[in-house]
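Chemist: give me a model of this one.
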Amino acid sequence: MADHPVLRYLSPGAWSLIEPLISQRAKGLLTSLVEFLENDVLPSEKLFHAQIPSHPPEARWASIPPVMERLKHRAKGLGLWNLWLSGGDFQGMAGGEGGGLTNLEYAVMAEIMGHSAILAPQATNCSAPDTGNMEVLARYGTPQQKERYLIPLLKGDIRSSFSMTEYGVASSDATNLRNTTALPDDSGNLSVKGHKWWITGAGDPRNVIHIVLAVTDPKNPSPHKRHSLVLVDPRAKGVKIVRPLTVFGYDDAPEGHCEVIYDGVKIDVENGVVGGTAGLGKGFEIIQARLGPGRLHHCMRTIGIANRALDILLQRVSDPNRKTFGKYLKEHGTVVADIAHSRAEIDQARLLVLAAARRVDVAGAKGAMQDIGMAKFTVPSMALKVVDRAMQVHGAEGLSEDTPLAYYYGSLRTLKYADGPDEVHIQQVGKNELKRAEKLKERTEMIKQKSDSLLKEAGKLKAKL
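Modeler: Here you go, the predicted structure:
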């Protein structure tokens, strides 16, 4: 399919490499997704932001722009719903909902969605943190928890948050998380107390559930068995949304990234702990299963953001009204070099992400952690460079809200922290590489012995290399 519309967004080389692994059904969905992006999503971006009230401030968190429901209805009609749900066992756990795509197929679709990173994922029910939360509930939730939360999430009727990062705690080391507890009270229920922040989606009026990482067994000798995931209704007594936090001045209304206090919220073990009694102490086990694919989804969308930034750059430097020092912008050698480097870096990063997605399909998320880790710390840094170049050719306008570039920059900078800071993944990838050293030494010694034997047979003492 040399003329497939995905080639408007994907490099021909990458498509040639993966096209034999893409099913006919997935190719059809890709065609629909590209058309949906161009005909519905991108034209709706300005309206979406215009429909978010400016004043008073609290009004920004009181409603959802009506255009979003229109886009969701359109996506459902096109079969572009829950595409992130992969095939196999997860399909069964999720009740058969979703696209049944491979991770490789979804990687391409997520890149397309990244061209409108706010609207497209949400319009297709493929946005974080809901996707990860649905995975948690599908894999570990009780039947009652699936009925109450998973089914409405799959339908796109509600939103959710994942409440992990703690205020005043070095949360990049998850074993440090200690200020949020869910401990028995006098009634035999659990009382949730703690202080979290950067909780994505906590400001959304559709949000009906926070999945909270809390200490339930503080005296357990293993730091990895002290925590559980508990389910908290954001409207329950004792939940206080303190404030929406901003990233470089952007508040991401009406979803937001909020500071939240849980002050004695009452839950019972069977309904309030993910997995019920059997889920006690399994918090770390569950979050590791949740974070792997989620990290890769972020990388997939980030490729799309970087590509759109390059598209914006190309249009700016080709504007006949833009001339500096006697030359059009596109005639400056530094600009041409920036374009070339951006193209190469995006295409390199895409191959890394596609390889990681394929590895998940072949070996599972655990078997792909090295690939996912490399993508996690490589892709956001690449995209930041591309966006920065696009901002630079726009001059002061690139810093304003008249283009999406400044927002892209802030969002991408956040990804260097989100789902584990880059330093953690760099250390893990490096340590895994070092594990190869002993085998390399053995192989090198074997080759040396054979080399010395060949020299001796030929009557040679030494060779210059």
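Chemist: residues in contact with the spatially most central residue of the chain?
Modeler: In the chain, the residue lying closest to the centroid (C-alpha atoms, centre = their mean) is His298, at 2.4 Å. For His298, the contact set (C-beta atoms under 8 Å, 6 or more residues apart in numbering) comprises Ala128, Lys376, Pro380, Leu415, Ala418, Asp419. Any C-beta I mention is one placed from the backbone N, CA and C, and that applies to glycine too.
Chemist: following the helix or strand hosting it, which helix or strand shows up next?
Modeler: Per DSSP states H and E: His298 is located in helix 283-317. As assigned by DSSP H and E, the chain's next helix or strand after helix 283-317 is strand 323-324.
Chemist: tally of neighbours for the residue nearest to Ala123 when sequence neighbours are not counted?
Modeler: In space, and not counting its chain neighbours, Ala123 is closest to Leu71: 3.8 Å by C-beta to C-beta, 6 or more residues apart in numbering. For Leu71, the neighbour count with other C-beta atoms under 10 Å is 22.
Chemist: same thing with Pro152?
Modeler: 16.
Chemist: now swap in the one 10 residues further on and tell me
Modeler: Applying other C-beta under 10 Å, we find 26 residues neighbouring Phe162.
Chemist: surely it is in a strand?
Modeler: Yes. Assessed with DSSP: H, G, I helix; E, B strand; the rest coil, Phe162 lies in a strand.
Chemist: doesn't Trp198 make contact with it?
Modeler: No. The pair Phe162 / Trp198 is not scored as a contact, 10.4 Å apart, by C-beta atoms under 8 Å.
Chemist: hmm, back to that, residue contacts, the residue nearest to Ala123?
Modeler: So Leu71 contacts Asp40, Val41, Ser44, Leu119, Ala123 (C-beta under 8 Å, 6+ apart).
Chemist: among those residues, which are in helices?
Modeler: Ser44, Leu119, Ala123 (DSSP state H).
Chemist: roughly how far does the last one sit from Asn103?
Modeler: Using C-beta to C-beta, to the nearest Å, Ala123 is found at 21 Å from Asn103.
Chemist: neighbour-wise, which of those two wins?
Modeler: Taking neighbours as other C-beta under 10 Å, Ala123 and Asn103 compare with Ala123 leading, 30 against 24.
Chemist: correct me, but that one touches Leu42?
Modeler: No. In this structure, Ala123 is not within contact of Leu42 by C-beta under 8 Å, at 11.3 Å.
Chemist: now do the strands in the chain.
Modeler: Using DSSP state E, the strands of the chain run over 159-163, 181-184, 190-200, 207-215, 227-232, 239-245, 257-267, 323-324, 327-328.
Chemist: closest to Glu397 out of those strands?
Modeler: Nearest to Glu397 among the strands of the chain is strand 323-324; the distance by C-beta to C-beta comes to 13.9 Å.
Chemist: so where's the protein uncertain?
Modeler: Applying pLDDT under 70 to the chain flags the ranges 1-2, 86-99, 291-292.
Chemist: let's see it at 80
Modeler: For the chain, the stretches with pLDDT under 80 are 1-2, 86-100, 289-293, 462-465.
Chemist: domain map for it?
Modeler: Annotated domains of the chain cover 5-155, 160-284, 285-437 [automatic domain parsing].
Chemist: among those, single out whichever gets nearest to Gln449.
Modeler: domain 285-437 (18.9 Å).
Chemist: span of the closest one from start to end?
Modeler: 29 Å (C-alpha to C-alpha, to the nearest Å).
Chemist: if we can go back for a sec, can you add distance to Ala463 and give the domains of the chain back as JSON lines?
Modeler: Listed next are the domains of the chain as JSON lines, based on distance: least, C-beta to C-beta, whole Å:
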{"stretch": "domain 5-155", "distance to Ala463": "39"}
{"stretch": "domain 160-284", "distance to Ala463": "50"}
{"stretch": "domain 285-437", "distance to Ala463": "26"}
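Chemist: quickly list what the nearest residue to Ala214 once chain neighbours are set aside is bridged to.
Modeler: Distances taken as C-beta to C-beta, 6+ apart place Ala182 nearest to Ala214, at 4.0 Å, with adjacent residues excluded. Beta bridges link Ala182 to Val192 when assigned by DSSP bridges.
Chemist: for burial, what's the neighbour tally of Ala182?
Modeler: 29.
Chemist: who's in contact with Cys258?
Modeler: Trp197, Trp198, Ile199, Ala202, Gly203, Ile241, Val242, Arg243, Pro244, Leu245.
Chemist: again, only using 6 Å
Modeler: Ile199, Ala202, Gly203, Ile241, Pro244 (C-beta atoms under 6 Å, 6 or more residues apart in numbering).
Chemist: quick one: the second one from Ser163, how far?
Modeler: So the one you mean is Ala202. With C-beta to C-beta as the criterion, Ala202 and Ser163 are 8 Å apart.
Chemist: one more: the first one?
Modeler: As judged by C-beta to C-beta, Ile199 and Ser163 stand 5 Å apart.
Chemist: between those two, point out the one with more neighbours.
Modeler: Just comparing Ile199 and Ser163: by other C-beta under 10 Å the higher neighbour count belongs to Ser163, 30 against 25.
Chemist: so what's that one up against?
Modeler: Counted by C-beta under 6 Å, 6+ apart, Ser163 has contacts Lys196, Ile199, His210, Val212.
Chemist: rewinding a little: next, format the strands of the chain as JSON lines and append distance to Val362.
Modeler: Below are these laid out as JSON lines (distance: least, C-beta to C-beta, whole Å):
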{"stretch": "strand 159-163", "distance to Val362": "28"}
{"stretch": "strand 181-184", "distance to Val362": "38"}
{"stretch": "strand 190-200", "distance to Val362": "31"}
{"stretch": "strand 207-215", "distance to Val362": "29"}
{"stretch": "strand 227-232", "distance to Val362": "29"}
{"stretch": "strand 239-245", "distance to Val362": "39"}
{"stretch": "strand 257-267", "distance to Val362": "35"}
{"stretch": "strand 323-324", "distance to Val362": "50"}
{"stretch": "strand 327-328", "distance to Val362": "48"}
